[in-house]
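# Using only what follows, build the 3D model:
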Amino acid sequence: MKLYAILESVLKSESNNTSTTKLIDNQGDLMLNKIHDLVDKTDENLIGLLLENQELREKFFFKIKDVYVFKTNDFKFFLDENKIDNSYTQYENRIGLTASGKFLKDSSDVVLDFPYKDCILEGGQSTEEGTDTYFEYDPKEGHYLAKQAKRKEIFFNTVLAKDEIDRLLEPKAFSNIKKYSPLTPEGETIQKFERDEKDTIKDNLIIKGNNLLALHTLKSEFAGKVKLIYIDPPYNTGNDSFAYNDNFNHSTWLTFMYNRLQIAKTFLKNDGVIFISLDDNEYTYLRSLLDDVFGKERFENIFHIKVRHENRILRQDARYQKVMEQTLCYSMPEFTPNRIFLEKNKDFDYNFDLIIKPSVKPYKVEIINGFEVEIYKKEDYELVKKANGSYKEYNIRGSLITQKGSASEFYELFLREKKEGDGKGALYKVLKMGEKGDGLGYRYIRQPFDNGSNGFYYQGKPTKAGNDKGNPYPNYYDFEKDFNNCANEGGIIFKNGKKPENFLKKIFEIANISEKDIFLDFHLGSGSSCAIAHKLGIQYIGIEQMDNQVNLSKTRLQNVINNDQTGISKSVNWQGGGSFVYLELAKNNQNAIEHIQSCESYEALVDYFDVMRDKYFLHYNVKVNEFREIICKEENFKKLTLDQQKIMFAKMLDLNQLYVNVSDMEDSRYALSTTDIAVTKDFYQL
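Residues are numbered from 1 along each chain as shown. Just a heads-up that it's a prediction; the model follows:
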């Protein structure tokens, strides 16, 4: 009999079926969670039961003199590995899937589950290709060639690798800190950050580094203070910047997003909101992920955005032409979206206050079509033109009276056959009868009615301060022309998904963000969102890791400071000015690069490799790890110039990872400048 069968038999035995240690449920299935709990408590009944069986005693105990010691971890691992509780009933009813430690059958929630969900993805990118570099000797070329391979990601399990995760996510030190303004176009060194009356940093920040680590770094300063987050993450189309492991691409993307959304939520204020742009490759999965992180009750909307013309075909072999993208919106509990206040058309809209004289009764009250209608004479009210009125004039003639709508319906129901009035106009109001009535308030009809089909009609309510709440935003927008013409916005070229400023301005409007608020984008890309924030006078934080995109963002924001007139500049009367602070997460590996550059011989380089391997963070690549024992000893490698050898050594270092933790920043090994240390201390207020 196999060991797991023996264990299952023993655990289900009658001798164990007591009221205190009963391990089977009413269906005869083992209760695995209870067994785990008893193991953690070192329950003597359970331990004694296992000791009585020779096979189990030999497997899960070791003997020291006359004492048997229970191998707790080995036993729990064996339970999980063999899933001894998976009887037919378990398979049929539960399929072995769990969420938050509960069987799915026992939960009322709908969950999204995937490989590595309970892990932290350590991988990072400094190039869009998502590759590592290694070297192979090419006999035809007579020297070593640099080659590329997909990066091998590391997934840290949140339970098994807690120490590694704590180390990975520990706040980082900063380096290369400069402040850019119209007076300092090349950047100036700062000693400390500017702060507001609540002691919160008020500088605009552009941060270079892994965005997950940067978010954990910023958390102590900005948690609970951000009004709006907008991100434009990689869409995972197979052709975009998410160039991770092909075997688990979908799960890796979900893990990548899950890690970041969990920490991003902590940044939002109680009235904060997050918008995320995606297309149909992942947005349905992302919505489930957001339900998990924010709660499905915090779902606000999916905005459907037209981004290209239907005749602009990107792929001739496509079965359907994609013209739409999606922007998902989730909020915190106190968030209230903005409303639309329409501008008046001077040719058609009349601005006025409606004032009904005190103690005036309606001229006539009629029951028409089941509704009670009040009619007022001209002398009983006044129409006073004002700048903040909200009535709109409708011309009641022609096609209007045949269309569906409040104006035409009111006319058809109440006015077509009526000739009352003073020849100048009449005021009507449909009263509610219980739950009936249209609730649209007063209508003012400007007479005469020539033949029962002409006249002018005003609809609305008497103007009062704060009475006009505006209209809700729709969930569809056509920004096709903006997307098609945004290539040169900001004075930079970015061919991989630049978002137009007009589109982002709409996001800012809906989010109800103001100059007193903070905006965050941790997938900064070409810097469009922070450019918008800068022009609107809103404090911003932008995070980006890829070298070329960081450079684009810096250049774009420098252009904004210097009065860039593209995008929304004219509509907001942008005149230039302002500033931002650029800073990087301090890299440990930078020290290794500097040492490599200082080596004066092949022998010095080879001797340093052991230090690199032990102290610094190398690419996850087997061939790189074999470098010390194989490649560098070959004669063909020795024949390379010293500069070529230095380049090959430097490329072995992963420049994205192993940033300097704040707790280590004063260690001389990391060679941070006194200014970097001082500004880092100021950031954390150490």
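# what's the pLDDT at the closest residue to T675 other than its chain neighbours?
Spatial nearest neighbour of T675, chain neighbours left out: T189 (5.9 Å); criterion: Cβ to Cβ, 6 or more residues apart in numbering. Just so you know, the C-beta spots here come from the backbone N, C-alpha and C atoms, and that holds for glycine as well. If you check T189, the pLDDT there is 93.
# Can we start the residue count at 10 from this point?
Shifting the count to begin at 10 puts that one at T198.
# Test my guess that T198 contacts S682.
No: counting by Cβ atoms under 8 Å, T198 stays clear of S682, with 9.4 Å between them.
# Point out where the stretch 210-359 of the chain drops to low pLDDT.
Within the stretch 210-359 of the chain, the segments meeting pLDDT under 70 span 245-258, 322-324, 350-359.
# what about the helices in it?
220-231, 258-274, 292-303 (DSSP state H, counting those that start in this stretch).
# between those helices, which gets nearest to E644?
helix 258-274 (40.6 Å; Cβ to Cβ).
# Determine the set of other helices and strands touching the closest one.
strand 128-130, helix 220-231, helix 292-303 (3 or more Cβ pairs under 8 Å, 6 or more residues apart in numbering; DSSP states H and E).
# Report the angle between that helix and helix 220-231.
10 degrees (axes from the mean of the first three to the mean of the last three Cα atoms, to 10 degrees).
# quick one: helix 258-274 to helix 292-303, angle?
Interaxial angle, helix 258-274 versus helix 292-303 (the same axes, to 10 degrees): 40 degrees.
# Which strand residues bridge the spatially closest residue to F276 that is not a sequence neighbour?
With sequence-adjacent residues excluded and distances taken as Cβ to Cβ, 6+ apart, F276 is closest to V235, at 4.3 Å. Under DSSP bridges, the beta-bridge partners of V235 are L277.
# residues near V235, how many?
Residues near V235, counting by other Cβ atoms under 10 Å, number 24.
# now R565
27.
# Over to F692?
Neighbours of F692 (other Cβ under 10 Å): 22.
# Pull the contacting residues for it.
F183, F202, I210, E230 (Cβ atoms under 8 Å, 6 or more residues apart in numbering).
# between the residues you listed, which is nearest N42?
Each of the contacts of F692 was scored against N42 by Cβ to Cβ, and E230 proved nearest at 40.1 Å.
# how close does the closest residue to that closest one other than its chain neighbours get to E309?
With Cβ to Cβ, 6+ apart as the criterion, E230 has its nearest non-adjacent residue at 6.0 Å, and that residue is I210. I210 is 28 Å from E309, where distance means Cβ to Cβ, to the nearest Å.
# More neighbours: which of those two?
A side-by-side neighbour count of I210 and E309, using other Cβ under 10 Å, places I210 first with 22 against 17.
# Who are the contact partners of the more buried one?
With contact set as Cβ under 8 Å, 6+ apart, I210 has these partners: F202, E203, R204, E230, F231, F692.
# repeat for S535
G499, I501, F503, K507, Q558, L561, S562, R565.
# My guess is the last one contacts I541. True?
In other words, R565. No: under the criterion of Cβ under 8 Å, R565 makes no contact with I541, lying 10.8 Å away.
# what residues does the strand or helix carrying E593 touch?
Using DSSP states H and E, E593 falls within strand 589-594. Strand 589-594 is contacted by residues 181-189, 196, 199, 202, 212-219, 222-223, 226, 539, 543, 549, 563, 566, 570, 668-669, 688 when judged by Cβ under 8 Å, 6+ apart.
# Recalculate using a threshold of 7 Å.
181, 183-189, 196, 199, 212-218, 222-223, 226, 563, 566, 668 (Cβ atoms under 7 Å, 6 or more residues apart in numbering).
# Out of the residues you listed, which sit inside strands?
Residues of those located in strands (DSSP state E): F183, S184, N185, I186, K187, K188, Y189, G196, L214, I215, I216, K217.
# how many neighbours does the residue nearest to L32 when sequence neighbours are not counted have?
Distances taken as Cβ to Cβ, 6+ apart place L20 nearest to L32, at 5.4 Å, with adjacent residues excluded. L20 has 22 neighbours, counted by other Cβ under 10 Å.
# ok, back up a step: for the helix or strand following the strand holding E593, the averaged confidence score.
Sequence-wise, the next helix or strand downstream of strand 589-594 (DSSP H and E) is helix 598-607. What helix 598-607 shows for mean pLDDT is 78.
# same deal with stretch 522-540?
Taken as a whole, stretch 522-540 carries a mean pLDDT of 95.
# Kindly check the end-to-end length of it for me.
15 Å (Cα to Cα, to the nearest Å).
# Return the set of buried residues in it.
522, 526-540 (16 or more other Cβ atoms under 10 Å).
# now, which of these sits nearest E53?
F531 (51.8 Å).
# Check which helix or strand A14 maps to.
helix 12-20.
# After that helix, which helix or strand is next? Please name it.
helix 41-49.
# on that earlier part again, between the ones in strands among the contacts of strand 589-594, which has the most around it?
F183 (29 neighbours).
# which residues does that one contact?
By Cβ under 7 Å, 6+ apart, the neighbours of F183 are L592, E593, L594, A595, D685, V688, T689, F692.
# what's the weakest-modelled helix or strand in the chain?
Scoring the helices and strands of the chain by mean pLDDT, DSSP states H and E places helix 97-103 at the bottom, with a mean of 37.
# by contact count, what packs against the strand or helix carrying A659?
Following DSSP H and E, one finds A659 within helix 651-660. Packing partners of helix 651-660 (3 or more Cβ pairs under 7 Å, 6 or more residues apart in numbering; DSSP states H and E): helix 598-607, helix 611-624.
# among the ones you listed, which is the most enclosed?
helix 598-607 (a mean of 17; mean count of other Cβ atoms under 10 Å).
# Remind me what that helix packs against, helices and strands.
helix 611-624, helix 651-660.
# same for the longest one, what does it pack against?
What that stands for is helix 611-624. Packed next to helix 611-624, using 3+ Cβ pairs under 7 Å, 6+ apart, are helix 598-607, helix 651-660.
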